[in-house]
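**Q** Sharing a model prediction with you, sequence too.
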Amino acid sequence: MSVFTPKLCLDKVTDITPELLRRNGIKGIVLDVDNTLTLHGSQEVKQEVLDWLAWMKEEGFLLTIVSNNYEKRVRPFAQRLDLEYVSFGCKPMTKGFTQACKKFSLQAKEIAVVGDQIYTDILGGNLKGMFTILVVPFELETGWTFRLKRSLEKIHLRKYHRLHKEH
């Protein structure tokens, strides 16, 4: 499978269940912030996402945020959710994911990466050997770089859907 292909595609982070994670040997979850847990640039989190985070913690999963954003964006967000975090994670490079492995004291294969972008979250997670879950972004960004990335991501999404039709 290509490093650009997620292991799993879901509509939203709250579609992830403890059963799905346990079935895949997952003990820890690395979460992206923008368009995964909240709207791009927002500090507000929907109640559904707050409930899901509480459920995952109750079920014993370790949670952390790895974001490419700076400390001033990520720290208040993570503190509000009572989550550890890595800011300026340099995704798709594996620096932030390696820090998450150390925080969790887990092997990469025991960690799921959840994010909305193939060229950062999925590529970086796959390069590190993690279980990657792509979610549909809350809203599409309007900048030209995001529009370009989203159009290129469609190539990899078609491949994912072709692979999963056969199973």
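**A** Happy to help now that I have it.
**Q** Contact partners for the residue nearest to residue 32 when sequence neighbours are not counted?
**A** Once flanking residues are discounted, residue 32 sits nearest to residue 115: 3.5 Å by CB to CB, 6 or more residues apart in numbering. Yep, even glycine has a C-beta here, placed from its N, CA and C like the rest. Contacts for residue 115 (CB atoms under 8 Å, 6 or more residues apart in numbering) come out as 31-32, 36, 91, 121-122, 125, 133-135.
**Q** In strands, which of the residues you listed fall?
**A** Using DSSP state E, 31, 133-135 are the members of the contacts of residue 115 that sit in strands.
**Q** tell me the two of those that are most distant?
**A** Greatest spacing in those, by CB to CB: 31 and 134 (12.9 Å).
**Q** Okay, the residue nearest to residue 110 when sequence neighbours are not counted and residue 122: tell me how far apart.
**A** Leaving aside its sequence neighbours, residue 110 sits nearest to residue 27 (CB to CB, 6+ apart; 4.7 Å). Distance, residue 27 to residue 122, using CB to CB, to the nearest Å: 20 Å.
**Q** what do you get for residue 16?
**A** 15 Å.
**Q** can you check residue 15 too?
**A** In terms of CB to CB, residue 15 sits 16 Å off from residue 122.
**Q** Same question for residue 72.
**A** Distance from residue 72 to residue 122, by CB to CB: 26 Å.
**Q** Can you name the next helix or strand after the helix or strand containing residue 72?
**A** In this assignment (DSSP states H and E), residue 72 forms part of helix 71-80. Once helix 71-80 ends, the next helix or strand along the chain (criterion: DSSP H and E) is strand 84-86.
**Q** Would you mark the buried spots in that next one?
**A** 84-86 (16 or more other CB atoms under 10 Å).
**Q** Next, format those as a markdown table and append distance to residue 108 and pLDDT.
**A** Formatted as a markdown table, these follow (distance: CB to CB, whole Å; pLDDT from 0 to 100):
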| residue | distance to residue 108 | pLDDT |
| --- | --- | --- |
| 84 | 17 | 96 |
| 85 | 18 | 97 |
| 86 | 14 | 97 |
